[in-house]
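# Just need the structure, nothing else, for what follows:
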Amino acid sequence: MNTHPNWLAKNSSDGPFIIDNVFIHPSASVHKTAHDHALVLHSIIGWNSIVGTWARVEGTPCDPNPNKPFAKMENVPLFNNNGHLNPSITVLGCNVQVPPEVIVLNSIVLPHKDLSQSYKNEIIL
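Prediction:
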């Protein structure tokens, strides 16, 4: 198995504090937008967005099954037959403010929104 430790993200004095082995593409822009004890998993956070203290922004990973030979990504539709949003990654547009102690789960938030409550499986226009 080949390993590439030089690909892993490094901590810097002016950047975020990164825990464990994380790969960040060299062209990606990383800033400190998550406050203390905030959690961001399987999500894309837009420019100038803020995730408040103890807030949680989480999506559902859409990875292929690693135990299945020749596994492929399944492209499920955005909505199910009942018109509800299927679980997927969470996307926050630019300049979105997530206040402290709010949960955003499997949602898409358009730019320039100040959230005031928790959201699950929603598109916030």
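
# ok, residue 62 touching residue 78?
No - the criterion here is CB atoms under 8 Å, and residue 62 misses it with residue 78 at 12.0 Å. Heads up, the C-betas are built off the backbone N, CA and C, glycines and all.

# Just list whatever residues bridge to the most centrally placed residue in the chain.
Of all residues in the chain, the one closest to the mean position by CA atoms, centre = their mean is residue 43, 1.2 Å from it. Residue 43 has these beta-bridge partners by DSSP bridges: residue 90.

# And residue 98, by the same measure?
Assigned bridge partners for residue 98, using DSSP bridges, are residue 51.

# Give me the common contacts of residue 62 and residue 78.
residue 88 (CB atoms under 8 Å, 6 or more residues apart in numbering).

# So the two - more neighbours on which side?
Of the pair residue 62 and residue 78, residue 62 is the one with more neighbours under other CB atoms under 10 Å, namely 14 against 9.

# Please identify which helix or strand holds that one.
For residue 62, there is no enclosing helix or strand under DSSP states H and E.

# what sits against it?
73, 74, 76, 88, 89.

# does the residue nearest to the centre of the chain really touch residue 91, like I thought?
Yes - counting by CB under 8 Å, residue 43 does reach residue 91; the two are 7.0 Å apart.

# joint contacts of these two?
residue 59.

# if I look at residue 74, how far off is residue 100?
The gap separating residue 74 from residue 100 is 36 Å, by CB to CB, to the nearest Å.
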